[in-house]
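Visitor: all I have is the shape, not the residue letters:
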């Protein structure tokens, strides 16, 4: 690795996620520098770029991507803006780390996938950062080893303290369960073929009108099931757990027992309150892996096909939520570029 | 309690379960004695009665129940024989502890319920012994306290090392999930209104043709869901777990962490290999509670209505298993005697 | 077992412990009945005996032991009264379950031991009920199996919410650590040869003047160490834990993870608040085993030698506490009767 | 932070530890570069420096430290070489991260401390990397918060799978327990005043003649005790645990329950096999913090005083080991520079 020439990265989107990527590239990850920050709000972009040595500020992604010192792009803008940013990056043949979702629906994801195929090589990594979490990685390694036999069922829990004000019932599927959709596909190596959504009476802790919690069952083309309890106003903590039930045993992650206290009649420990605490190191690892792979000219993480498959499953999930039952998933045939 | 006049109990059925009841009454439980052992196989009955002081041997339940020193009956014969034994006990107006299932189907359970109503008072306790397990009892006490708010979901695991040779796919519902059916009704205080059964590809560890594991979702008239992973050839142990997800927290039982070892790169502990290890004390407690209540002339445990409701839910579950989807449960109106 | 002739037991001492023994014999344990309750306070004895069918009330142990329907004795009076009660029982050649301590010091324990030897057969079981706790029993079985190699160290924790008002610094040794003294001897099969007591600054939660906590290290003739944290005003719960460190692994008991909750940023469970919750079943098992062995004419539990050894070790411990260092234990040679 | 001028670091010592520091500086930590690798074995230095862009190779630390592009030094050579390297660094007024031990004994540590005082400002951070472990940091934050009251006792476990061939009985103190010495001082904020070492019969798994395990009790000037089980041939894993017992509760770290499996009658998880697995992220964090502080011209980690105190305690510990008892620690008065 040539330390004298770090990877110049343009970060598109200066919200919480974008600002966090800027901080990691600038202060944590070796081998990359922030060359530009882009946001429709110039002031917000400027604030995030402040203090970053030699960092340009733009309101137009295309202008940033045209700069000579930009070697790669991170897309952290809102989902509906992703398609345009990705297509622009393809014009400049720049590698992209695109935050999830790839795009908000399967149709637009298909268009991105077609554009990347026209380009002739893979350029996109989608920000499914759980694949970089040490616990998920150990679970996958165990499943792949075959030591426990074939996976039969995956039980997932996805709990948040409280949902943001703009959250809708369908976002429990498309925004939250989207992570389990990718995790299921990645852990099991199967595509998802159908989604069933069951709707218990909402918690009185959920905002009026929000269908929270939901219980989602994913069927896969490998014959395994993956069920997900999603509960975004559980009140007590942020919690992501998975238990794989295999032919010869089970394996579970997400208990997080680092510090155990005993006080006043109670033993136990703290539960993380948000994802930054639970997945901070996964984000570091994701970005480090992306920088290293990009400098070698490779894409090693989840790609456009994974972004498309997640979008298609979530679309089916939202249909299943609406009718309180089951919906099938219809994927296009997997293009050669992604096999 | 008058120690000079212990409760004289006739045990009908001298199989594994009946023999175990005889042992408990004879050696563990205070205030009762085994007055008679009944089995169609006189030799088997004799073997179980041997060494029990003053214990008669019968092949006909009616003869045993007519004896002057028989004050109460335990029915531990095969399910299809329960209806006749119960009706005979009603003729003698004897209290009965009837092993689950009350009867093999909802129609016969209804007939028993009608006979008990004709008798005018409750005489039957059904052997849902999980209600006497200390962990289940603590979970129910916590849920009833309201400290965690309303229960929204119950996640259950029911795993056996291996199924007996005669086990069929529908017995995973009617014999195994039957316990979770009662536990769900008891923990939540709801009736079950529909059953969905999902069928992953069977484990290669299951006998040819057996649909194992299965994933069952119970809907209740209180709006809560209860899902059950039933896996009767999991290979690694006998395991019964439940996690209640409530509006303000969760509560989980069944981890069983009594002895933790560390050896050769591995920390952890033993998993029980069958139900006698996991539920031995629940059986003691059940029998002790039944003897005490019976001596006071009361029925305090799960009764005929509970046996009927379980039978009706399991019938719907078997239908759902056959079509791989959802089936509704149709209960008669609850008679006054059981309110 | 002949149910028509239950063992007639005289319970000497009608305090909390004695009353609890009366309840167990009367209501829980099969094969025994309470024939007499003895207390210097006749009213207290009468209150405990009330409602027990056919139970006599005495203020003099000798009178009770002379009664025709008394077959065995439980001594649950204060420690200083034990020696006289035991010698009286020997006069009537009655089997005794004697609550710990056998006697308050090694000299009196030796006198009891000599009297029992003069009797020519063992009659005494000492109430070290931890030997009947399921977790301790599993730990001992594991150590005895040799699977983990030779035990090298035993780490013990003995914590109480708060000490009773009469508790003194030396009672942390003679009353609390006495249990670990017996547990160490029983688990390791070694005699204790020296005691070191280290005294951290007392907790501000302890009563003025009480040396609480203390840290005690026991050396054994088998070369293993056993350290004990004793903390009788820990405030948060009653907790008894042990971790054996062996040549090929460790084994730990006492975590008690039965019910795990998650609420408001915290996962965990309840800690028992007193010994009745933690050891209730051990007391049941101890009494059941004693009744069964006594009816067979045997002594199977910890005996007079064990009571004497514990008294001698605790005496050395109190000396070590006083000088804040180490004291050696001097045992007489083990008499043939106890080998 | 000026990304165009990363901190130029000379790494002295190209063994396992030095090579690991080179890898971290080169590939993981932002804001620093490896300017030189130094080792008496030029070939070994060259192998470690290979592939690191612009990295010089030296056999003499003084030559490396004289280079214009060297801004700071990491000392990772064997302990006896530390004093000379540190004094040379002081001549060039270079900041140093010195692996533990600061020096092998208290007398040499005092000489280093005096030289640093002559320099007039602090330049040394000692490599007690547990202070950068997330679990230790959480434990310390909890203790410092006062939520649990004053710490009374600290129970530590330090277990290795197997000791290297050159390990001696006194190295269990000076090399292994040295970490608990610093952790105790850092967690409690006390100095250690006396050390007691108890020596159980060695494990048959330990090499002939090695006193393994040992049990060490540290007394502190704050009245708290800290006991350490050190067992460097435990066979089953690498394990570092600590439990603080405070006036109002306890807190425990080091259980490591990330992935829990259930197989063949056993639940549990893997135990780390060496320190790289357990403390990898602590080393990252330590180096990152040192680079950032050094670029700001500060020393924020454990310093020369901490290195001296550890050396003095370990010296007393080795005396205590030899006599199987207690030895007092005699510290010089703390110089103004370190207050």
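Guide: Right, received. Where do you want to start? Bear in mind that the values here come from a model prediction, so they are computed numbers and not experimental data.
Visitor: domains in chain A, by residue range?
Guide: A:7-129+A:281-303, A:133-278+A:309-338 (automatic domain parsing).
Visitor: show me the one of these that comes nearest chain B.
Guide: Nearest of these to chain B, taken as CB to the nearest CB: domain A:133-278+A:309-338 at 2.8 Å. Glycine gets a C-beta too; all of them are placed from N, C-alpha and C.
Visitor: how far does that closest one stretch from start to finish?
Guide: Distance across domain A:133-278+A:309-338, first residue to last, is 23 Å (CA to CA, to the nearest Å).
Visitor: least confident of the domains of chain A, on average?
Guide: Lowest mean pLDDT of these: domain A:133-278+A:309-338, a mean of 88.
Visitor: about what we covered before: may I see the domains of chain A organised as JSON lines, with mean neighbour count and distance to chain D added?
Guide: Converted to JSON lines, these look like this (neighbours: other CB atoms under 10 Å in any protein chain shown; distance: least, CB to the nearest CB, whole Å):
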{"stretch": "domain A:7-129+A:281-303", "mean neighbour count": "20", "distance to chain D": "5"}
{"stretch": "domain A:133-278+A:309-338", "mean neighbour count": "20", "distance to chain D": "4"}
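Visitor: helix, strand or coil for the residue lying closest to residue A:201 once chain neighbours are set aside?
Guide: Excluding the flanking residues, the one nearest residue A:201 by CB to CB, 6 or more residues apart in numbering or on different chains is residue B:223, at 2.8 Å. What DSSP: H, G, I helix; E, B strand; the rest coil gives for residue B:223 is coil.
Visitor: can you give me phi and psi for residue B:223?
Guide: Residue B:223 adopts backbone torsions of phi 90, psi 0, taken as degrees, to the nearest 10.
Visitor: is it true that it touches residue A:200?
Guide: Yes: counting by CB atoms under 8 Å, residue B:223 sits close enough to residue A:200 to count as a contact (5.7 Å).
Visitor: measure the residue in chain A positioned nearest to chain C to residue A:236 for me?
Guide: When scored by CB to the nearest CB, chain A has residue A:268 as its residue closest to chain C, at 1.5 Å. According to CB to CB, to the nearest Å, residue A:268 and residue A:236 sit 12 Å apart.
Visitor: show me what residue A:249 bridges to in the sheet.
Guide: Taking DSSP bridges, one obtains residue A:246 as the residues bridged to residue A:249.
Visitor: what residues are up against it?
Guide: Counting by CB atoms under 8 Å, 6 or more residues apart in numbering or on different chains, residue A:249 touches A:147, A:148, A:149, B:234, B:235, B:236, D:261, D:262, D:263, D:264.
Visitor: next one: the spatially most central residue of chain A from residue A:255, what distance?
Guide: Computing the C-alpha centroid of chain A and ranking residues by CA atoms, centre = their mean puts residue A:128 first, at 2.9 Å. Residue A:128 sits 22 Å away from residue A:255, going by CB to CB.
Visitor: re earlier: including distance to residue B:337, could the domains of chain A go into a markdown table?
Guide: Output for these, formatted as a markdown table (distance: least, CB to CB, whole Å):
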| stretch | distance to residue B:337 |
| --- | --- |
| domain A:7-129+A:281-303 | 57 |
| domain A:133-278+A:309-338 | 30 |
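Visitor: out of those domains, nearest to residue C:15?
Guide: Proximity to residue C:15, assessed across the domains of chain A by CB to CB, is greatest for domain A:133-278+A:309-338 (26.1 Å).
Visitor: which helix or strand lies directly C-terminal to the host helix or strand of the residue of chain A closest to chain C?
Guide: Using DSSP states H and E, the element containing residue A:268 is strand A:266-270. Going down the chain from strand A:266-270, the next helix or strand is helix A:275-295, by DSSP H and E.
Visitor: elements contacting that next one?
Guide: Packed against helix A:275-295 by the contact rule (3 or more CB pairs under 8 Å, 6 or more residues apart in numbering or on different chains; DSSP states H and E) you find strand A:7-12, strand A:96-98, helix A:134-145, strand A:239-246.
Visitor: tell me which residues touch the closest residue to residue A:168 other than its chain neighbours, please.
Guide: With sequence-adjacent residues excluded and distances taken as CB to CB, 6+ apart, residue A:168 is closest to residue A:210, at 7.3 Å. Residue A:210 is in contact with A:163, A:167, A:168, A:169, A:202, A:233, counting by CB under 8 Å, 6+ apart.
Visitor: strands - which of these land there?
Guide: Residues of the contacts of residue A:210 located in strands (DSSP state E): none.
Visitor: mind listing the strands for the stretch 51-200 of chain A?
Guide: For the stretch 51-200 of chain A, the strands defined by DSSP state E, counting those that start in this stretch cover A:56-58, A:72-75, A:96-98, A:124-126, A:151-159, A:192-198.
Visitor: fine by me, we can end here.
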